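In: Kindly generate the corresponding structure for this input.
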Amino acid sequence: MLEPTGPLPPEIYWRRRVFAIGILVVALALVIWLVVMVVRGGGSPGDAKVAASSSTSSVKKSGDAPKSSISADAPKPSVTPAASPAPVAAGQCPDQSLAVKVTVEQPTYKAGEQPVFGIVITNISSVTCSRDVGSGLQQISVYTLDGTRKLWSSTDCYPDGQPDVRNLNRGEQAAFQVTWSGSTSQPNCAGERVPVPPGAYSVVAQLGSVRSAAEPFNIA
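Out: Next comes the predicted model:
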């Protein structure tokens with residue numbers, strides 16, 4: 001069956017067979033080459049994309065990790081509560097920041113009764129200040145009605161009273177009462193003390209250099 005038959009010489013048939021086989025081998029080799037090229041060409045871009053995507057994903061993940069770490073480790077700002085302001089000590093009340101007023105409990109007393117005087121000290125300044133308004137610094141004096149002769153003073157016999165420091169806000173008042181025995185007095189409680197006779201008198205209150213207006217009253 002391999003032996004060529006026909007009218008032509010056998011060499012011709014063998015040549016034809018060899019040529020056909022050669023063409024078949026070349027065609028087969030060409031097909032194999034094309035398949036290999038297609039496989040290589042299609043696989044390379046895909047692999048490159050996958051590799052690039054993989055690399056980008058890795059970079060992103062590695063880049064995100066430090067952010068998470070920084071956020072976790074970053075110290076939170078601490079809020080320090082504001083310190084409450086320290087109270088400011090009130091300054092000394094100067095004389096010009098004070099007003100002094102004296103009152104008489106009743107306009108007329110009977111002989112032998114003890115008149116009661118009221119003293120009101122007011123802070124007339126615009127700020128809070130402090131002042132010692134103790135009895136040793138208050139001076140209440142009784143005069144004749146015309147004011148020419150002093151008959152009695154609260155500091156004549158009791159010059160050293162108890163201190164009484166007050167913090168006075170603007171417009172605040174400090175009020176006191178003094179009872180007079182109705183007898184005369186002299187500085188250092190010298191001389192004899194005698195009851196004043198019936199008549200018209202006036203009383204004045206003073207703190208430092210601040211004097212009140214005279215307030216009249218009567219002893220019947």
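
In: Please count neighbours and contacts with C-alpha atoms only from this point.
Out: Noted.

In: Angles on the backbone of residue 119, please.
Out: phi -120, psi 130 (degrees, to the nearest 10).

In: Bridged to it, which residues?
Out: When bridges are assigned using DSSP bridges, the partners listed for residue 119 are residue 102, residue 176.

In: what sits against it?
Out: Residue 119 sits next to 100-103, 175-178, 205 when contact means C-alpha atoms under 8 Å, 6 or more residues apart in numbering.

In: how much space between it and residue 110?
Out: In this view, residue 119 and residue 110 are 22 Å apart by C-alpha to C-alpha, to the nearest Å.

In: likewise residue 138?
Out: Between residue 138 and residue 110 the computed distance is 26 Å (C-alpha to C-alpha).

In: Looking only at neighbour counts, state which of the two leads.
Out: Of the pair residue 138 and residue 110, residue 138 is the one with more neighbours under other C-alpha atoms under 10 Å, namely 20 against 11.

In: Look up which residues are beta-bridged to the residue lying closest to the more buried one once chain neighbours are set aside.
Out: With C-alpha to C-alpha, 6 or more residues apart in numbering as the criterion, residue 138 has its nearest non-adjacent residue at 5.1 Å, and that residue is residue 207. Here residue 207 sits in beta bridges with residue 138, residue 210, going by DSSP bridges.

In: my read: residue 207 touches residue 139, true?
Out: Yes - the pair formed by residue 207 and residue 139 meets the contact definition of C-alpha atoms under 8 Å, at 6.5 Å.

In: which one of those two has more residues nearby?
Out: Set side by side, residue 207 and residue 139 show more neighbours around residue 207, with 21 against 18, by other C-alpha under 10 Å.

In: and that one, what pLDDT?
Out: According to the per-residue confidence, residue 207 scores 96 in pLDDT.

In: Please name the residues that touch it.
Out: 100, 133, 137-139 are the contacts of residue 207 under C-alpha under 8 Å, 6+ apart.

In: which one among the residues you listed gets closest to residue 164?
Out: Closest approach between those and residue 164, by C-alpha to C-alpha: residue 133, at 5.4 Å.

In: residues near the closest one, how many?
Out: Other residues lying near residue 133 total 20 when counted by other C-alpha under 10 Å.

In: count of neighbours near the closest residue to it other than its chain neighbours?
Out: Closest residue to residue 133 in three dimensions, ignoring its sequence neighbours and counting by C-alpha to C-alpha, 6+ apart: residue 164, at 5.4 Å. Using other C-alpha under 10 Å as the criterion, residue 164 is surrounded by 12 other residues.

In: who's in contact with residue 164?
Out: So, once contact is read as C-alpha under 8 Å, 6+ apart, residue 164 ends up touching 132-135.

In: hmm, back to that, any idea how far the residue nearest to residue 138 lies from residue 150?
Out: When C-alpha to C-alpha is the yardstick, residue 207 and residue 150 sit 17 Å from each other.

In: just residue 162 next, same as before
Out: The separation that residue 162 has from residue 150, given C-alpha to C-alpha, amounts to 24 Å.

In: In which helix or strand does residue 171 reside?
Out: With elements delineated by DSSP states H and E, residue 171 resides in a region that no helix or strand encompasses.
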